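>>> following is a predicted model, sequence given first.
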Amino acid sequence: MGRPKLDRIVINRDWCKGCGVCIHFCPREVLEIDAFDKVVVVHPEKCTCCRLCELRCPELASEVIIEK
Amino acid sequence: MGTRDFIRERFFPHMWCPGCGHGTILNCLIRAIEELGLDKSNIVVVSGIGCSARISGYVDFHSLHTLHGRALAFATGVKFSQPELTIITPMGDGDALAIGGNHFIHAARRNIDITAIVMNNRIYGMTGGQYSPMSCTGDYATTAPFGNIDNPFDAVKLATAAGASFVARTTTYHAKEGISILKKAIRHRGFSVVEFLSQCPTQYGRRNQLVNAPVMLEYLKTHTVPIGSARAAEDPEILERGIFVEELRAEYCDAYEQVIQKEGG
Ligand SMILES: Cc1ncc(C[n+]2csc(CCOP(=O)(O)OP(=O)(O)O)c2C)c(N)n1
Ligand code: SF4
Ligand code: SF4
Ligand code: SF4
């Protein structure tokens, strides 16, 4: 097993409330807030697949999908 | 299975404020149950009243949304009548330790096989920010506009002294640790207490110079340490996290079953 590789991060825009928790604690600055106060994935290539954004999200709005 | 298989999606987005830690506890709870591979139809989530208590409406298990402070009383009834079920009672700090404080200590004393999660945001969130028995001395609340003069409970020491056979503390910052502790608490046979430090940005944060959820989580990150760290002994503001008690002791439903067997029930 090598290092996990990101397929994609899916943000449910209907559920995200723009609290900023995932953005603030992402170790690699992968995420940003957009003009609608929703999270967008700006640097997927930097993601380490730690999944902390997904596990801390109070809205269950974020899903880190790892390449099979 | 994914997280969506464990929630009632029709009620999402949920009612909690942006950045409310209770959502993270819900997140951790369903992942713990998913990882344990438990059958959804054998789980009962019993809650009282409060923002925290709304969690029972969001999970796709059997659920009871009962009276303020009385979750453990209802949960005891369910467990006693059907001991094979897995019972989880998530409670706010007010729900568990103010109005529900008596039920809390007696459930612990009986060591009944229930997992009690104290979703501790140190405030009454739902009713507008009154101080709770977990608010710290000096905290600001609508009912303590000049600072709280009460001392808070230490929920871990309280649960331990009352007889809980599994006692742990974690936080919404430490989500991976939280999932692992919840798994152990649910698997433990006996009364399990998990104090889950949470954040209420709306009613607590705004009044206490913690301006948003990331700032509140930074606080939980810097003001908690693993059990045994020297920093906890040096600074009373720093709390230990981890599993404090994990012991096998006679469980209440088992003790009752033995009476039935002995007396030829
Ligand atoms: C018997 C009774 N007394 C008082 C109330 C009013 N009440 C509703 S929720 C609550 C406290 C909520 O605080 P907490 O349990 O800490 O949960 P939170 O909302 O912070 O998650 C109170 C006092 C009530 N619903 N029922
Ligand atoms: S943690 Fe969740 S709700 Fe908060 S900004 Fe990120 S995706 Fe949105
Ligand atoms: S998985 Fe980790 S590195 Fe990737 S976006 Fe989430 S927090 Fe950032
Ligand atoms: S008032 Fe506080 S506890 Fe209630 S939903 Fe809002 S942030 Fe959460």
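On my side now, so go ahead. What you are looking at is a predicted structure, and each value in this text was computed from that prediction instead of being measured. Ligands and ions are numbered 1, 2, ... in the order given.
>>> quick one, strands of the chain?
I'll assume chain A. A:6-11, A:31-33, A:39-41, A:62-66 (DSSP state E).
>>> meant chain B actually
Using DSSP E, strands in chain B cover B:43-47, B:62-65, B:86-92, B:115-120, B:166-171, B:192-197, B:224-226, B:239-246.
>>> JSON lines for the ones you listed, including mean pLDDT, distance to B:Glu34 and mean neighbour count?
The way it works is simple: take the backbone N, C-alpha and C, and place the C-beta from them, glycine included. Putting the strands of chain B into JSON lines (pLDDT from 0 to 100; distance: least, C-beta to C-beta, whole Å; neighbours: other C-beta atoms under 10 Å in any protein chain shown) gives the following:
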{"stretch": "strand B:43-47", "mean pLDDT": "98", "distance to B:Glu34": "11", "mean neighbour count": "25"}
{"stretch": "strand B:62-65", "mean pLDDT": "98", "distance to B:Glu34": "17", "mean neighbour count": "17"}
{"stretch": "strand B:86-92", "mean pLDDT": "98", "distance to B:Glu34": "14", "mean neighbour count": "29"}
{"stretch": "strand B:115-120", "mean pLDDT": "99", "distance to B:Glu34": "16", "mean neighbour count": "28"}
{"stretch": "strand B:166-171", "mean pLDDT": "99", "distance to B:Glu34": "18", "mean neighbour count": "27"}
{"stretch": "strand B:192-197", "mean pLDDT": "99", "distance to B:Glu34": "17", "mean neighbour count": "28"}
{"stretch": "strand B:224-226", "mean pLDDT": "98", "distance to B:Glu34": "25", "mean neighbour count": "17"}
{"stretch": "strand B:239-246", "mean pLDDT": "98", "distance to B:Glu34": "21", "mean neighbour count": "18"}
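>>> could you dump those to CSV with distance to B:Tyr256?
Output for the strands of chain B, formatted as CSV (distance: least, C-beta to C-beta, whole Å):
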stretch, distance to B:Tyr256
strand B:43-47, 18
strand B:62-65, 21
strand B:86-92, 15
strand B:115-120, 19
strand B:166-171, 20
strand B:192-197, 19
strand B:224-226, 37
strand B:239-246, 23
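>>> before we move on, the earlier item: for the strands of chain A, give me CSV that also has distance to B:Val259 and mean pLDDT.
Below are those laid out as CSV (distance: least, C-beta to C-beta, whole Å; pLDDT from 0 to 100):
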stretch, distance to B:Val259, mean pLDDT
strand A:6-11, 53, 97
strand A:31-33, 57, 98
strand A:39-41, 56, 98
strand A:62-66, 49, 97
